[in-house]
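> Predicted model and sequence follow; I will ask about them next.
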Amino acid sequence: MKKTIKQAFTDTIPVMTGYIVLGFGFGIVLKANGYGLFWALIMSLFIYAGSMQYVAIGLLSSGASLITAALTTLMVNARHLFYGISMLDKYKDTGKAKPYLIFALTDETYSLVCKDNINVTEENKKNYYFFVSLFDQIYWVAGSVLGAVIGNLVEFNSNGIEFALTALFLTVLTEQWLTAKDHAPAMIGIIVSLICLLIFGRESFLIPSMLIIALLLCISKEKKEND
């Protein structure tokens, strides 16, 4: 167990550096909009949705309805439907930890648990998934709380701070590219996303690109299994 925890911590260090900075930014923006430490802690514990938490600040400030909040959340986090489908086999026998694993499946956590880590044995994979998910949320909560505390003491210009989420995703993607032997899934994701961006525009490209990517990856997987 100790070896698994150590491996999970080591693998999540890049996420830690990003989540603490990004969470810090969220805490600052939240405080700048009139919401304090309590909101930062509660939102990071029970929403824990990265970019959606930034969007939620605007929804709270504008007094948006529950229907608006629900539809906005669905649009922003629609990609998680496809993340979940691809994790059905990995999370199949995770027992009592499954609800938390589903809840904690962020972009960066997904990038770590979806790959086959050669340093984790088959019997320890379920514990590895749990601790990767737990460590990543701890980093996010810590950053959010710290940001809210510091934001209460010092004034910050928060313009553009949300770009840290994109920067973190690119960092994780680069690390995965350098360690993975098969680059086909990444290339499929990049090419399809760019094509859909050109066709549908940046406001509407996400869902069609995810549908096409999921379809192509399923076809690719089935072809490999039949070879």
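Here it is on my side, so go on. Numbering: from 1, shown residues only.

> give the contact list for Leu112.
11-12, 15, 132, 172 (CB atoms under 8 Å, 6 or more residues apart in numbering). C-betas here are computed from N, CA, C, even on glycine.

> which strands and helices sit next to the host helix or strand of Gly151?
For Gly151, the element it lies in under DSSP states H and E is helix 125-153. Using 3 or more CB pairs under 8 Å, 6 or more residues apart in numbering; DSSP states H and E, the elements in contact with helix 125-153 are helix 2-11, helix 13-32, helix 37-46, helix 98-103, helix 107-113.

> Next, Asp182: secondary structure please.
Following DSSP: H, G, I helix; E, B strand; the rest coil, the label given to Asp182 is coil.

> Tally up the residues packed near it, please.
If you count neighbours by other CB atoms under 10 Å, Asp182 ends up with 9.

> ok, then the element right after the lowest-mean-pLDDT helix or strand in the chain?
Of all the helices and strands that make up the chain, helix 164-179 has the lowest average by mean pLDDT, DSSP states H and E, namely a mean of 66. For helix 164-179, the following helix or strand on the C-terminal side (DSSP H and E) is helix 184-200.

> pLDDT weak spots in this protein?
75-76, 156-169, 171-173, 175-176, 179-180, 203, 206, 224-227 (pLDDT under 70).

> that older thread, any buried residues in the helix holding Gly151, and which?
Within helix 125-153, the residues that qualify as buried are 125-137, 139-149, 151, counting by 16 or more other CB atoms under 10 Å.

> still on that earlier bit, Tyr83 is nearest to which of the helices and strands packed on helix 125-153?
helix 107-113 (5.1 Å; CB to CB).

> before we move on, the earlier item: please identify which of the helices and strands packed on helix 125-153 is closest to Asn77.
It is, among these and with distance given as CB to CB, helix 107-113, at 10.0 Å.

> hey, C-alpha coordinates of stretch 214-227 in CSV?
Extracted in CSV, the C-alpha atoms of stretch 214-227 (Å, rounded to 0.1, in the frame of the first residue of the first chain):
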residue,chain,number,x,y,z
ALA,A,214,-15.0,8.5,-29.0
LEU,A,215,-16.2,6.8,-32.1
LEU,A,216,-12.8,6.7,-33.7
LEU,A,217,-11.1,5.4,-30.6
CYS,A,218,-13.7,2.7,-30.2
ILE,A,219,-13.1,1.6,-33.8
SER,A,220,-9.3,1.8,-33.3
LYS,A,221,-9.6,-0.4,-30.2
GLU,A,222,-11.8,-2.9,-31.8
LYS,A,223,-9.4,-3.1,-34.8
LYS,A,224,-6.4,-3.7,-32.5
GLU,A,225,-8.2,-6.5,-30.6
ASN,A,226,-9.1,-8.2,-33.8
ASP,A,227,-5.5,-8.0,-35.2
